[in-house]
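Engineer: Need a 3D model of the following:
(one chain, ligands or ions: 1)
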Amino acid sequence: MRPPVGSLLVRDIGLLVTNCPELGSGSLGVMRDVDLVVENGTVAWIGGARTSPAADEVLDAAGRCVVPGFVDSHTHLVFAGDRVEEFTARMAGKRYDAGGISATVAATRSAPSSVLMEMAARLKREAEAQGTTTLETKSGYGLTVSDESRCLEVAGTIAEEVTYLGAHVVAPEFRGREQEYVALVTGPMLEACAPKAQWCDVFCENGAFGPDAAREILQAGRAHGLGLRVHANQLSHGPGVQLAVEMGAASADHCSHLDGADVDALAGSDTVATLLPGAEFSTRSPYPDARRLLDSGAAVALATDCNPGTSYTTSMPFVIALSVREMHMTPDEALLAATAGGARALRRDDLGALAPGFRGDLVVLDAPSAAHLAYRPGVDLVAAVVRAGRLLGRGVTR
Ligand SMILES: [Zn+2]
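Structural biologist: This is a model prediction of the structure:
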């Protein structure tokens with residue numbers, strides 16, 4: 001990211017979602033008829049319309065709604081090829097069992113890094129155009145030392161949060177020799193990858209890694225200074241969520257099959273439950289019980305899980321609409337989970353809110369309120385996107 005310079009005034013904001021209840025009304029801290037100034041990348045001032053200090057650039061919100069930029073805390077954007085035939089077959093009734101990942105592994109291994117870079121950059125632009133201002137992305141389709149390593153290099157060019165997922169599935173050539181693959185993932189592969197990532201992740205699931213192997217992988221990641229995340233309880237009930245909490249992971253992702261003990265463990269921990277309803281949508285599977293998690297007091301994030309197999313969408317507005325319609329989240333809860341929730345899942349205290357001191361990441365919606373994101377599904381309501389005070393792509397300044 002280029003270093004932020006100068007100042008930007010966003011004027012005539014009809015409704016500003018700050019995510020800080022102390023600044024405005026309701027759980028989202030909503031303010032009406034305000035201007036906002038970002039200085040050197042950081043929100044510096046919010047106040048009554050037309051009373052703001054001077055700024056280098058002006059973005060006219062024209063009375064519309066402004067929300068914090070979306071924080072997509074779970075994506076897989078580094079891969080080659082697609083799996084549209086698998087999707088089409090699944091929609092015709094074939095069940096998904098995690099086997100399709102090897103198709104993407106083969107395509108990714110044989111693709112030059114320049115192709116991976118081009119595809120990842122295209123997906124990043126797509127996400128930004130829909131209001132995403134922070135991306136996490138992972139390796140996990142290389143599964144050799146050199147392929148995981150170059151996938152993380154590509155990831156680092158498009159995402160500010162990068163996750164090592166050598167433990168996505170056991171590499172095809174290690175089938176039946178899981179322990180040998182775990183030794184590779186926690187040994188030479190980790191040595192090569194840890195300097196290129198902030199996070200270590202493991203897919204803890206039948207058909208991927210059991211709890212003992214997953215714990216070993218997370219412990220090795222932590223010993224190399226990486227924060228922890230877990231793909232947990234996606235396809236069936238399993239030990240992933242309990243393991244994530246036990247290990248102090250920042251996030252347990254998917255959480256589609258939870259029992260009462262899992263919900264209690266999440267509610268009593270700092271581990272965020274990151275829900276990825278795009279995966280349930282695209283695999284026609286039962287959605288996570290978001291209501292139960294929210295009512296228990298667990299911290300909830302929403303992310304796209306963008307990947308070519310089970311959720312090929314970069315759209316956080318789509319995920320918000322799904323969460324409201326299919327998971328019974330209120331529009332306010334969904335917006336909070338897609339912004340502040342994602343920030344928390346990445347342990348970032350500078351993102352996910354619009355208040356002095358937070359990074360100047362915001363979206364101008366072509367709508368009078370954020371509820372329109374769910375109320376008008378499939379409609380592009382993103383009028384302008386600003387990251388660190390810099391206008392991305394759309395919008396008009398003078
Ligand atoms: Zn994932």
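
Engineer: drop to CA atoms for contacts and neighbour counts, all remaining ones
Structural biologist: Noted.

Engineer: How far off centre is stretch 177-187?
Structural biologist: What separates the centre of stretch 177-187 from the centre of its chain is 28 Å, taken as C-alpha atoms, centre = their mean, to the nearest Å.

Engineer: List the buried residues for it?
Structural biologist: With burial defined by 16 or more other C-alpha atoms under 10 Å, the residues of stretch 177-187 counted as buried are 178, 181-182, 184-186.

Engineer: quick one: the residue at the greatest distance from the centre of the chain from residue 313, how far?
Structural biologist: Most distant from the centre of the chain: residue 51, at 35.8 Å, with distances by C-alpha atoms, centre = their mean. Note on residue 51: its distance to residue 313, by C-alpha to C-alpha, to the nearest Å, is 40 Å.

Engineer: now residue 227
Structural biologist: Residue 227 is 26 Å from residue 313, by C-alpha to C-alpha.

Engineer: Ok, residue 184 next?
Structural biologist: To residue 313, residue 184 is 31 Å away according to C-alpha to C-alpha.

Engineer: and if you look at residue 128?
Structural biologist: Counting by C-alpha to C-alpha, the gap from residue 128 to residue 313 is 12 Å.

Engineer: From the contact counts, what lies against the longest helix seen in the chain?
Structural biologist: When the chain is parsed with DSSP state H, its longest helix is helix 113-129. Secondary-structure packing of helix 113-129 (3 or more C-alpha pairs under 8 Å, 6 or more residues apart in numbering; DSSP states H and E): helix 145-158, strand 382-387.

Engineer: which residue ranges form the strands in the stretch 1-150 of the chain?
Structural biologist: Counting by DSSP state E, counting those that start in this stretch, the segments of the stretch 1-150 of the chain that form strands are 7-17, 30-39, 42-48, 57-60, 65-68, 70-72, 132-138.

Engineer: Show me what the first one is packed against.
Structural biologist: When you say that, I think you mean strand 7-17. Judged by 3+ C-alpha pairs under 8 Å, 6+ apart, the packing partners of strand 7-17 are strand 30-39, strand 57-60, strand 65-68.

Engineer: now the ones you listed in a markdown table, with mean neighbour count, mean pLDDT and distance to residue 242?
Structural biologist: Output for these, formatted as a markdown table (neighbours: other C-alpha atoms under 10 Å; pLDDT from 0 to 100; distance: least, C-alpha to C-alpha, whole Å):
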| stretch | mean neighbour count | mean pLDDT | distance to residue 242 |
| --- | --- | --- | --- |
| strand 30-39 | 23 | 97 | 36 |
| strand 57-60 | 18 | 95 | 46 |
| strand 65-68 | 28 | 98 | 31 |
